[in-house]
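K.L.:
Task: produce atomic coordinates for the following.
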Amino acid sequence: MSFITARAREAFDSRMADSTVYMPGIVLSSVMFQHLNTDSDAEGFILGESKEEEKRAITDSTNDHVYFEHTIHVQKHLPCNRLNKFYNGAGEVDMVVLRKMMPDNRQDHLIGWYRQRRNTEQRMTLRERLVHENLKNAVANPDLIFLLLTPSEVTSACSTHETEFATFRSLNRRFHNVPVVVSNLGSLEDVVYRTSYAPCSSAGYHRVVQKHKSKFFSPDDTQREVMEINKMNSSMQAELQKECKKVEKSEQEVQTLRAQLTALRKLISKKKSLIPEKDVLRPSIRENLLLENSLKSLFPHSPLFQTQTLTLHGVPVAESLPPHPTTPCPHVDPEP
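P.N.:
Sure thing, here's the model as predicted:
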């Protein structure tokens, strides 16, 4: 008998360690929005469903491995209009008020409660621990959770706030932290969509759901739009794979062209190094030939165009000038 009790305790402890709380982002943001619109702390109930599964795994090392998975799915929250509404100063729960607050007087969808405190530590107080234990015994739910939110101001102008949140469960009157997974649109999977929701006592809600249910659900209660979105997602992934292959091919072509260009540059550099230096030097090219010819025709006897030698003062020195053409003087006979 002691062996069975020890194994049951070990299994329960492992189930406690594998517990996970799944909370939609819209529910968490709604709870934070409610707290920011109140002047004091806020509290309320958490509705949803809890599921426990026993799984058996067979591997090469172990023939039989049994483990528990406990998941808690948060679906909505039910705020209280004031603090200490369903319990008194001693932490005792008022079942009359609790039944009135529950939808359709049903408590099977109550999976926990929450409290928001400003500028405090992320730690449960003695009263919160006492209220949690009394509420757990009142609703006969040993897996009841407590969600604690502690917002604080980051800047002095109160323009930026941050909110820390954590979930706790009690085991043998000792509280343990339970991981919380916030499901957003970017991380949704097929198992995240919930087909069953916590009850609502509003008649208008039921009328709206029945009116539009055929647009989103098939006759067998399968979600129609989710299947279409999954098909579109598969088609989009296929197109992305095609584009990725095209980009990869173009990148490979660019790398090949770069390698060829580098090889050509090396070949050109090698050929330049083999050419003699005297062949590399090109004779100086005289520029402005038309201007030089024009100046020579206008000033044919100018020393500037007859020599390339200059004095210290920059005066050109004629080297060899051709003789000036002289006009022969007419022959004049002397007078007798």
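
K.L.:
mind checking how far P316 is from T71?
P.N.:
104 Å (CB to CB, to the nearest Å). Glycine gets a C-beta too; all of them are placed from N, C-alpha and C.

K.L.:
my bad, Q241
P.N.:
33 Å.

K.L.:
Please identify which of these two sits among more neighbours.
P.N.:
Neighbours per residue, other CB atoms under 10 Å: of Q241 and T71, the larger number sits with T71, 16 against 10.

K.L.:
isn't there a helix covering the more buried one?
P.N.:
No. Applying DSSP: H, G, I helix; E, B strand; the rest coil, one finds T71 to be strand, outside a helix.

K.L.:
ok, now which ones touch it?
P.N.:
T71 makes contacts with 19-22, 50-51, 53, as judged by CB atoms under 8 Å, 6 or more residues apart in numbering.

K.L.:
any chance of these in TSV, plus distance to D108?
P.N.:
TSV is the format used below for the contacts of T71 (distance: CB to CB, whole Å):
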residue	distance to D108
S19	19
T20	21
V21	18
Y22	19
S50	10
K51	13
E53	19
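
K.L.:
Just confirm K85 is within a strand.
P.N.:
No. Using three-state DSSP, the assignment for K85 is coil, not a strand.

K.L.:
Which pLDDT does the model give it?
P.N.:
Note for K85: predicted pLDDT of 88.

K.L.:
so it makes contact with V96?
P.N.:
No. Using CB atoms under 8 Å, K85 makes no contact with V96, being 11.5 Å away.

K.L.:
more crowded one of those two?
P.N.:
Ranked by neighbour count (other CB under 10 Å), K85 and V96 place K85 first, with 13 against 9.

K.L.:
Helix, strand, or coil at L78?
P.N.:
Under three-state DSSP, L78 comes out as strand.

K.L.:
mind checking how far the closest residue to it other than its chain neighbours is from V254?
P.N.:
Distance criterion CB to CB, 6 or more residues apart in numbering; nearest residue to L78, sequence neighbours excluded, is F45 at 4.3 Å. Going from F45 to V254 by CB to CB gives 61 Å.

K.L.:
Ok, L240 next?
P.N.:
21 Å.

K.L.:
ok, now N184?
P.N.:
For N184, the distance to V254 equals 38 Å [CB to CB].

K.L.:
just E164 next, same as before
P.N.:
Taken as CB to CB, the span from E164 to V254 is 48 Å.

K.L.:
coming back round to it: more neighbours: which of F45 and V254?
P.N.:
Between F45 and V254, F45 has the larger neighbour count (other CB under 10 Å), namely 21 against 10.

K.L.:
Show me the beta-bridge partners of that one.
P.N.:
Beta-bridge partners for F45, by DSSP bridges, are L78, W113.

K.L.:
domain assignment for this protein?
P.N.:
The record's domain split for the chain, according to automatic domain parsing, is 2-201, 212-269.

K.L.:
Just say which of those domains is most tucked in.
P.N.:
Of all those, domain 2-201 has the most neighbours on average by mean count of other CB atoms under 10 Å, namely a mean of 15.

K.L.:
S19: what's it in contact with?
P.N.:
70-72, 143, 169, 178-179.

K.L.:
pretty sure V97 contacts F86?
P.N.:
Yes. With contacts counted by CB under 8 Å, V97 reaches F86, the gap being 4.9 Å.

K.L.:
picking that back up, where among the domains of the chain is average confidence lowest?
P.N.:
domain 2-201 (a mean of 77).

K.L.:
any idea how far that one is from the chain center?
P.N.:
Taking CA atoms, centre = their mean, to the nearest Å, the mean C-alpha location of domain 2-201 is offset from the chain mean by 27 Å.

K.L.:
need the domains of the chain in JSON lines with distance to L290, can you?
P.N.:
Converted to JSON lines, these look like this (distance: least, CB to CB, whole Å):
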{"stretch": "domain 2-201", "distance to L290": "75"}
{"stretch": "domain 212-269", "distance to L290": "36"}
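
K.L.:
Relative to S294, which of these is closest?
P.N.:
Counting by CB to CB, S294 lies closest to domain 212-269 out of the domains of the chain; the figure is 41.4 Å.

K.L.:
residue boundaries of the helices in the stretch 51-200 of the chain?
P.N.:
Under the criterion DSSP state H, counting those that start in this stretch, the stretch 51-200 of the chain contains helices at 95-101, 126-139.
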